[in-house]
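S.K.: Kindly return the folded structure for what I paste below:
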Amino acid sequence: MTTVHSFEPVVDERSSVLVLGSMPGVPSLTASEYYGNPRNYFWRVLYGLHGLPVDDEYEARLAFALDHHVAMWDVLKSCTREGSLDANIRDEVVNDIPGLLRRYPNIRAIALNGTKSHDTFKRHFGATEEAARVVCLKLPSTSPVPTKTMRNLDDRLAAWRVIEPYLQNPVYRI
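M.R.: Predicted coordinates:
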């Protein structure tokens, strides 16, 4: 088993939706990029919500996310895992999600990217005051692995549209 670590959060005061993955997969860790596997649907979903093609440059993608009020992080700070599958995760150490929510009070929804992210978040933080003040949305994983109900980009894009109301006209608290 290999010990892996998540990235620093991508977030600013404008963020109203926090997308939480579980732990970056090997291609993302190798590229040092959120959703760095070119087959992952995340960036195509995010840009697709706005009817736009995905920018080729990673820094431009990060800026696009922030400009559209989307923050990114992972539920796990570190774990041991062989390969990229969530099913192989062991020895979990969680990130301080409640602390991030306190620092960024404009976040009003958490988009939990997949079952592992959802279940880990709920187990560790579901009863916290910070989790109670936001809407927690369990969304299908943007992983390239197909499921019974998520076969392609259109399926994922339709499911992820539930975050759209939380991206509209965020109310900034200073």
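S.K.: For the chain, just list every one of the strands.
M.R.: Along the chain, counting by DSSP state E, strands occupy 2-5, 17-21, 70-74, 76-81, 90-94, 109-113, 135-139.
S.K.: Show me what the nearest residue to His5 once chain neighbours are set aside bridges to in the sheet.
M.R.: Closest residue to His5 apart from its sequence neighbours, by CB to CB, 6 or more residues apart in numbering: Ser78 at 4.7 Å. All C-beta spots, glycine's among them, are computed from the backbone N, C-alpha and C. Counting by DSSP bridges, Ser78 forms beta bridges with His5, Val93.
S.K.: rewinding a little: closest to Tyr58 out of the strands of the chain?
M.R.: strand 70-74 (12.1 Å; CB to CB).
S.K.: Quick one: list the elements packing against that closest one.
M.R.: strand 17-21 (3 or more CB pairs under 8 Å, 6 or more residues apart in numbering; DSSP states H and E).
S.K.: Residues touching the strand it packs on, excluding its own?
M.R.: Contacts to strand 17-21, defined as CB atoms under 8 Å, 6 or more residues apart in numbering, come from residues 11, 34-35, 42, 69-75, 97, 100-101, 104, 107-114, 117, 121, 134, 163, 166-167.
S.K.: Check the gap between Asn113 and Arg156 for me.
M.R.: Between Asn113 and Arg156 the computed distance is 10 Å (CB to CB, to the nearest Å).
S.K.: list residues touching both of those two?
M.R.: Thr142.
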